[in-house]
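**Q** Fold the following and give me the result.
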Amino acid sequence: MFVRTVRCVLRTPALLVLLFLSALCLAGCSSSNSPTTTSPSTTATLATDTFNGSIGQNEAHVDTFTVTNSGYSLLAGFTSISPASVTALGLGIGNWDPATSTCSLNVSQNDTARSGSTGLSGTANSGSYCLRVYDGGNVAGGVVASYTVQVQHY
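**A** The predicted structure is shown next:
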């Protein structure tokens with residue numbers, strides 16, 4: 001009788017380990033037919049607006065974009081400027097008035113924004129904005145500068 005009791009005691013831990021491992025394996029399995037639910041996201045989604053254009057000496061170009069979520073960062077910068085003789089362009093962000101189609105550069109401005117770096121950064125409220133690319137004194141007469149600029153916001 002003593003031998004039988006020892007054998008049962010020795011088998012019980014092994015049986016418990018086997019049952020535990022089986023439960024883990026089954027918990028990891030799922031059916032592709034089972035419905036899933038997701039809760040709505042409480043974080044804002046990053047938006048990237050890309051604008052292309054070209055300007056000559058003393059010229060400017062304006063594009064508009066909309067920020068939908070207040071209190072998040074806004075970054076703007078050139079991803080390319082050509083020709084190589086134009087080392088920087090002016091970059092400004094202001095409030096856009098759709099009723100009068102005017103851009104007031106009252107938010108931020110950089111006369112020497114370079115390609116490959118952040119030209120402007122800040123925190124934006126929701127609303128209509130304008131991006132102004134202009135000659136900040138780096139475009140020679142007779143030269144046309146082409147650019148690509150990106151604005152990231154939420």
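**Q** alpha carbons only for contacts and neighbour counts from here, please
**A** Fine.
**Q** just how off-centre is stretch 82-90 within its chain?
**A** Here the centre of stretch 82-90 is set off from its chain's centre by 25 Å, with C-alpha atoms, centre = their mean, to the nearest Å.
**Q** Pull the residues that contact that stretch.
**A** Applying C-alpha atoms under 8 Å, 6 or more residues apart in numbering, the external contacts of stretch 82-90 come out as 81, 109-115, 132-140, 145-147.
**Q** try 7 Å this time
**A** Applying C-alpha atoms under 7 Å, 6 or more residues apart in numbering, the external contacts of stretch 82-90 come out as 110-114, 133-136, 138-139, 145-147.
**Q** of these, buried ones?
**A** 110-114, 133-136, 138-139, 145, 147 (16 or more other C-alpha atoms under 10 Å).
**Q** ok, the residues you listed vs residue 76, which is closest?
**A** residue 113 (9.5 Å; C-alpha to C-alpha).
**Q** pretty sure that closest one is touching residue 92, no?
**A** No. Counting by C-alpha atoms under 7 Å, residue 113 does not reach residue 92; the two are 9.5 Å apart.
**Q** After whatever helix or strand residue 130 lives in, heading C-terminal, what element do we hit next?
**A** Secondary structure from DSSP states H and E places residue 130 in strand 127-134. Per DSSP H and E, strand 127-134 leads on to strand 145-153 as the next helix or strand towards the C-terminus.
**Q** which helices and strands sit right next to that next one?
**A** On a contact count with 3 or more C-alpha pairs under 7 Å, 6 or more residues apart in numbering; DSSP states H and E, strand 145-153 meets strand 47-55, strand 72-82.
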